[in-house]
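Asks: Build me a model from this:
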Amino acid sequence: MRLFIALEPSAGFRLALQYVQEQLRRAGIEGRYLEMDNLHMTLAFIGMWPTAVTDILPAVQEPFSVTLSHVGMFSKARVVWAGIEPSHALEQLAGRVRDRLDAEEIPFDRQPFYPHITLIRKPVPMDEDVLRRIQVPSVSMTVRDVCLYESVHEACGMRYTVIGRSRSD
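Replies: Predicted coordinates:
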């Protein structure tokens, strides 16, 4: 199984992200746009692992809000993303997820956590000036749980499916 731990966007968040994607399309950015059902905010990427690890998902102790803020890109990875306003609670949650993976000796990608939601893979052109003109709605969502996703490669691309969830107490 190819796994990662992430936050699932709320319906309102997805609508705002869809609006941002529509602006990117109108601005002439081509590439592989992620489907609305595939949008997520990765907390830790595990990769190949033999079993679902839903039992290690930490509960969200106290629900908190995250807010969309801007659009950016990782030029080396060739990705356009929607950024999230800085959130101490979100940083702590990502840290707890990674601590639990360490405690269970489950390997994961140790790149620093940078809160974002991928919108487009392999965008053309890679133009930061265009991205600066994109208006991002200041939409918030309440984080109540952490999800375990499975990533499956299909003919039309990757499909991400929630296979486990940890509810707040």
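Asks: What's opposite the most centrally placed residue in the chain in the beta bridge?
Replies: Geometric centre of the chain, nearest residue: Met41, 1.7 Å, by C-alpha atoms, centre = their mean. Beta-bridge pairing of Met41 under DSSP bridges involves Leu7.
Asks: wait, doesn't it sit right on Leu7?
Replies: Yes: counting by C-beta atoms under 8 Å, Leu7 is a contact partner of Met41 at 4.4 Å. (Glycine included, C-beta is placed from N, CA and C.)
Asks: Find residues that contact each of those two.
Replies: With contacts taken as C-beta atoms under 8 Å, 6 or more residues apart in numbering, Met41 and Leu7 have Val66 as neighbours in common.
Asks: hmm, who's touching stretch 117-126?
Replies: With contact meaning C-beta under 8 Å, 6+ apart, stretch 117-126 is reached by 9, 17, 20-21, 24, 28-34, 39-41, 71, 73, 75, 78-82, 84.
Asks: of those, buried ones?
Replies: In the contacts of stretch 117-126, burial by neighbour count holds for 9, 17, 20-21, 24, 29, 31, 33-34, 39-41, 71, 73, 79-82, 84, counting by 16 or more other C-beta atoms under 10 Å.
Asks: Can you flag which of those residues belong to helices?
Replies: Members of the buried ones among the contacts of stretch 117-126 lying in helices (criterion: DSSP state H): Leu17, Val20, Gln21, Leu24.
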